[in-house]
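K.L.:
dropping the sequence and predicted coords here.
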Amino acid sequence: MEKDSSTSRIRVAMIIELSSYSKIIPFQNPGGMGTIVPLWIEGLESLGCEVTVDRADFDYDILHLHNPLVKSIYLGIIAKMRNKRIIVHGHHLPELIKGGFKGGRLLYPIYKRYSRFFFNLGDMVIAPSPYAMRSLQELGAKGPFTVIFNGVDRKRFVANPEFGVEFRRKYNVKDDEFLIVSVGLRIPRKGVDTFVETAIEFNKQHPNSNVKFVWIGGSEPLLIDALPEGKLPDNVTFTGYVPFDMLLGGYSTADAFLLPTRAESYGNVVLEAASCGLPVILRDIPAFDGWLSEGKDCLKCKTVEDFARAVDLVWRDDTMRNMLRAGSEKLAELHDINNTARKLYEVYREMMCKSR
């Protein structure tokens, strides 16, 4: 990306807060936001922004908040008092705590009001999908809103055959087995039960098939672990938390990606899988409306039977599998993370022009 020399550097205080909480809660996976925001910062700096992370003790131009945490709320209130421009990013929809956090359903009414206050601190609210924007509007966030997709780093998420070989070796997936992977926290909202039930249903229909189902990801402190009790079906494996090389190995060696999640604000893993050229199978939920197209860049399912049929289709039908692969490549190109950085930069510039 080329730096725009026609404008002065924009000073941004980017508040994420994850690093401070990791000292209290030893989570292993920072989530999509924890990995994507640093990449945005790289792009923004190359365009002419000066970005400082988790500090606001300087004369910044824009405060960009990402998490509805105590420090972020405090800094937002102070910024309001100083007439500073504030952007609030809508990564976290209140409804998502109901399908993963312990006590989430009890906390939801309180968290909903708290979140509304947080989002209304912003002079601009950025939503990561059209669905997220609608949800924030229904929550009572005033906006104005703009939709900027999170994007994917296509240089980072590219198939690596060597990592793929190691993934199959470590998780006992044979070279001739057709591999279906899912990636995500092992919590109820992500559809862990549907993943296992799909594998069972598929095995009933094709008892001698060579199809293997592997879920990449574990649970975290304060989250509900959805790992099924008892013996797992022979065609299902849960890896638990894995380092990035092994995650990329799963994407690299898989034959298709299956995401049975029940609720998302966006779904970063969809683009990660697409960037690695995988056919994508999804639950048909509102979060994927408007930017994912059935039969072009994904297959959408509502029931376990639908998922089993979709797996059967990509397993048997080379034409469909190749068409979905081509759709994935186009999808990843459209949502390249450099495009996200440019759009954020344009929002910053517009805010600076309005403030003068």
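P.N.:
Received it, and whenever you're ready, just let me know what you need. Numbering: from 1, shown residues only.

K.L.:
next, count neighbours for Ala341.
P.N.:
Neighbours of Ala341 under the rule other Cβ atoms under 10 Å: 23. The way it works is simple: take the backbone N, C-alpha and C, and place the C-beta from them, glycine included.

K.L.:
and Phe157, by the same measure?
P.N.:
Other residues close to Phe157 by other Cβ under 10 Å number 24.

K.L.:
distance of it from Glu305?
P.N.:
Phe157 is 31 Å from Glu305, where distance means Cβ to Cβ, to the nearest Å.

K.L.:
likewise for Pro128?
P.N.:
In terms of Cβ to Cβ, Pro128 sits 31 Å off from Glu305.

K.L.:
quick one: which of those two has more around it?
P.N.:
Pro128 (26 against 13).

K.L.:
now the more buried one: how far from Gly90?
P.N.:
Computed as Cβ to Cβ, the Pro128 to Gly90 distance reads 7 Å.

K.L.:
what touches both of these two?
P.N.:
Common contact partners of Pro128 and Gly90 (Cβ atoms under 8 Å, 6 or more residues apart in numbering): Ser265.

K.L.:
okay, helices next: where are they in the stretch 101-250 of the chain?
P.N.:
Here the stretch 101-250 of the chain has its helices, by DSSP state H, counting those that start in this stretch, at 104-119, 130-139, 161-170, 192-205, 244-253.

K.L.:
TSV for the ones you listed, including distance to Trp315, mean pLDDT and mean neighbour count?
P.N.:
Formatted as TSV, the helices of the stretch 101-250 of the chain follow (distance: least, Cβ to Cβ, whole Å; pLDDT from 0 to 100; neighbours: other Cβ atoms under 10 Å):
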stretch	distance to Trp315	mean pLDDT	mean neighbour count
helix 104-119	36	88	16
helix 130-139	30	95	19
helix 161-170	17	98	16
helix 192-205	9	97	20
helix 244-253	15	97	21
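
K.L.:
same for the helix or strand Asp306 falls within, what does it pack against?
P.N.:
In the assignment (DSSP states H and E), Asp306 maps to helix 304-316. If contacts are counted by 3 or more Cβ pairs under 8 Å, 6 or more residues apart in numbering; DSSP states H and E, helix 304-316 sits against helix 192-205, strand 256-259, strand 280-283, strand 299-301, helix 318-334.

K.L.:
dump these into a markdown table; add distance to Lys71 as well.
P.N.:
Shown next, in a markdown table, are those (distance: least, Cβ to Cβ, whole Å):
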| stretch | distance to Lys71 |
| --- | --- |
| helix 192-205 | 32 |
| strand 256-259 | 32 |
| strand 280-283 | 35 |
| strand 299-301 | 39 |
| helix 318-334 | 34 |
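
K.L.:
got any ranges where this structure has weak pLDDT?
P.N.:
Residue ranges of the chain with pLDDT under 70: 1-7, 18-34, 355-356.

K.L.:
tell me how many other residues crowd Glu229.
P.N.:
5.

K.L.:
any idea how far it is from Val192?
P.N.:
Glu229 is 12 Å from Val192, by Cβ to Cβ.

K.L.:
same question for Cys353.
P.N.:
For Cys353, the distance to Val192 - Cβ to Cβ - is 47 Å.

K.L.:
next: Asp225.
P.N.:
9 Å.

K.L.:
what is in contact with the two at once?
P.N.:
Arg186.

K.L.:
quick one, domains of this structure?
P.N.:
10-151+336-355, 161-334 (automatic domain parsing).

K.L.:
endpoints of the last one, how far apart?
P.N.:
Think domain 161-334. Using Cα to Cα, to the nearest Å, the end-to-end distance of domain 161-334 comes to 24 Å.

K.L.:
how far does it sit from the chain's center?
P.N.:
Computed by Cα atoms, centre = their mean, to the nearest Å, the chain-centroid distance of domain 161-334 equals 14 Å.

K.L.:
number of residues surrounding Cys276?
P.N.:
By other Cβ under 10 Å, neighbour count at Cys276 equals 25.

K.L.:
that one: what's it in contact with?
P.N.:
Cys276 touches Phe157, Val158, Ala159, Leu248, Tyr251, Ser252, Ala254, counting by Cβ under 8 Å, 6+ apart.

K.L.:
ok, Ala273 next?
P.N.:
Taking Cβ under 8 Å, 6+ apart as the definition, contacts of Ala273 comprise Val181, Val183, Tyr251, Ala254, Phe257, Leu259, Val280, Ser328.

K.L.:
from those, which single one is nearest Gly151?
P.N.:
Ranked by distance to Gly151 (Cβ to Cβ), the contacts of Ala273 are led by Ser328 at 14.8 Å.

K.L.:
how many neighbours does the closest one have?
P.N.:
Using other Cβ under 10 Å: Ser328 sits among 24 other residues.

K.L.:
that one reaches Leu282, doesn't it?
P.N.:
No. Between Ser328 and Leu282 there is no contact, the gap being 11.9 Å when judged by Cβ atoms under 8 Å.
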